[in-house]
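K.L.:
What follows is a protein structure lacking sequence information:
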Ligand SMILES: O=P(O)(O)OC[C@H]1O[C@](O)(COP(=O)(O)O)[C@@H](O)[C@@H]1O
Ligand SMILES: [Mg+2]
Ligand SMILES: [Mg+2]
């Protein structure tokens, strides 16, 4: 039975007993967790809070923004601006970085986030979430710039997401395994409910948007065909499929019971490496999955080793149960060897 301690107590233990995190990082995570509580209240209100529907504006990705995309972004900016633990922030919903104004103390960390993940599910009452990643500011001699954010995922100081579903759950790593906290609405506090989360190495469950099948490359097609062939096919076992179309929900299921998630490159937009964003979707989810014993690649390379070149760059994502991700990566290698 996991000891039912609060998020603050867990972070204090990480700081004092294990020396894993400095005080500023603990404060930062607590502020992000508090912001997610506020976002959860808006999400739960739905039509009552007039937070559903489109905002009739477009973000840098060319996507029409939802009202909740903007509300969540503002909540996170506001909550994190004055705490003294940050130098700057970056978000899916902002073209460029947001530097903490000089009137506030400058911190040594930088926060990146997808304020509302799974936007296509907002209006249909399906689980959505917030994804975040924390980096250290590399050069304290000068002001902060977009270049400071272009760090490989393996340099993250912390990462997590909050899922707004039947329960509101915060999932976190500071590089010492993965922990899950459930929001106790009566108390308004985050309570530890899972620690040292492990992703099973094997699985019989894959998650991919099957409607894109005709656009996939040969490696992904082959992998999915083999799964669909079931126990009479090369895999010798039947597979099940799930696709929530909220990355947080699909990854949360994998952290909870295993599975493999694929949003690969496809021919619809061949010039793009994929749909999902490296810095505030793929990297934080990869850190969590690896800390839970899983694996995360773009088919060719470990995602956390990739050197980012742009703030909103996209990447092909294959993550989850180690042996399945390895199988997809082996198919890519075999196809490359030709
Ligand atoms: O609609 P599709 O093609 O299935 O894509 C679903 C994917 O797009 C996303 O919604 C993109 O994220 P945003 O909602 O933050 O833009 C992921 O959460 C999800 O995995
Ligand atoms: Mg997203
Ligand atoms: Mg989003």
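P.N.:
Perfect, I can see it now. On a predicted model such as this, the values are computed, not experimentally measured, just so you know. Ligands and ions are numbered 1, 2, ... in the order given.

K.L.:
per-residue pLDDT, the residue of the stretch 151-300 of the chain found nearest ligand 2?
P.N.:
Closest residue of the stretch 151-300 of the chain to ligand 2, CB to the ion: residue 281 (5.0 Å). For the C-beta atoms, the positions are set from N, CA and C on the backbone; glycine is no exception. Here the pLDDT value assigned to residue 281 is 98.

K.L.:
just residue 337 next, same as before
P.N.:
At residue 337, the pLDDT recorded in the model is 82.

K.L.:
any idea of the mean pLDDT in stretch 304-324?
P.N.:
98.

K.L.:
Need the three-state assignment for residue 52.
P.N.:
coil (DSSP: H, G, I helix; E, B strand; the rest coil).

K.L.:
If you could redo that for residue 213, that was the one I meant.
P.N.:
helix.

K.L.:
and it, what does it touch?
P.N.:
221, 224 (CB atoms under 8 Å, 6 or more residues apart in numbering).

K.L.:
which strand residues sit across from whatever residue of the chain ends up closest to ligand 2 in the sheet?
P.N.:
Nearest residue of the chain to ligand 2, counting by CB to the ion: residue 117, 3.5 Å away. Beta bridges link residue 117 to residue 129, judged by DSSP bridges.

K.L.:
Please list the residues of the stretch 1-150 of the chain that sit near ligand 3.
P.N.:
92, 114, 116, 117 (CB under 5 Å from the ion).

K.L.:
looking at this protein, which residue ends up farthest from its center?
P.N.:
Each residue of the chain has a distance to the centre, and by CA atoms, centre = their mean the biggest one is for residue 232: 35.4 Å.

K.L.:
I figured residue 84 hits residue 108, correct?
P.N.:
No. Residue 84 is not in contact with residue 108 according to CB atoms under 8 Å; the separation is 10.0 Å.

K.L.:
Look at these two and report which has more neighbours.
P.N.:
Comparing residue 84 with residue 108 by other CB atoms under 10 Å, the one with more neighbours is residue 108, at 17 against 14.

K.L.:
Could you report the pLDDT at that one?
P.N.:
So, for residue 108, pLDDT stands at 92.

K.L.:
List phi and psi for it.
P.N.:
The phi/psi pair for residue 108 (degrees, to the nearest 10) reads phi -100, psi 0.

K.L.:
can you tell me how far the nearest residue to it once chain neighbours are set aside sits from residue 32?
P.N.:
In space, and not counting its chain neighbours, residue 108 is closest to residue 137: 5.5 Å by CB to CB, 6 or more residues apart in numbering. Distance check for residue 137 against residue 32: by CB to CB, to the nearest Å, it reads 17 Å.

K.L.:
okay, these two: which has more neighbours?
P.N.:
Using other CB under 10 Å as the criterion, residue 137 and residue 32 rank with residue 32 on top: 23 against 18.

K.L.:
mind checking the backbone torsions on the more buried one?
P.N.:
Residue torsions, per degrees, to the nearest 10, at residue 32 are phi -60, psi -40.

K.L.:
Now do the contacts for the residue nearest to residue 108.
P.N.:
Contact analysis of residue 137 by CB under 8 Å, 6+ apart lists 87, 88, 107, 108, 109, 110, 144, 148.

K.L.:
Out of the residues of the stretch 1-150 of the chain next to ligand 3, who's the most crowded?
P.N.:
In those, the most neighbours by other CB under 10 Å go to residue 116, 30 neighbours.

K.L.:
which ones are touching that one?
P.N.:
39, 66, 68, 69, 72, 73, 122, 128, 129, 130.

K.L.:
Now, the residues you listed that are in helices?
P.N.:
In this view, the contacts of residue 116 that belong to helices under DSSP state H are 39, 68, 69, 72, 73.
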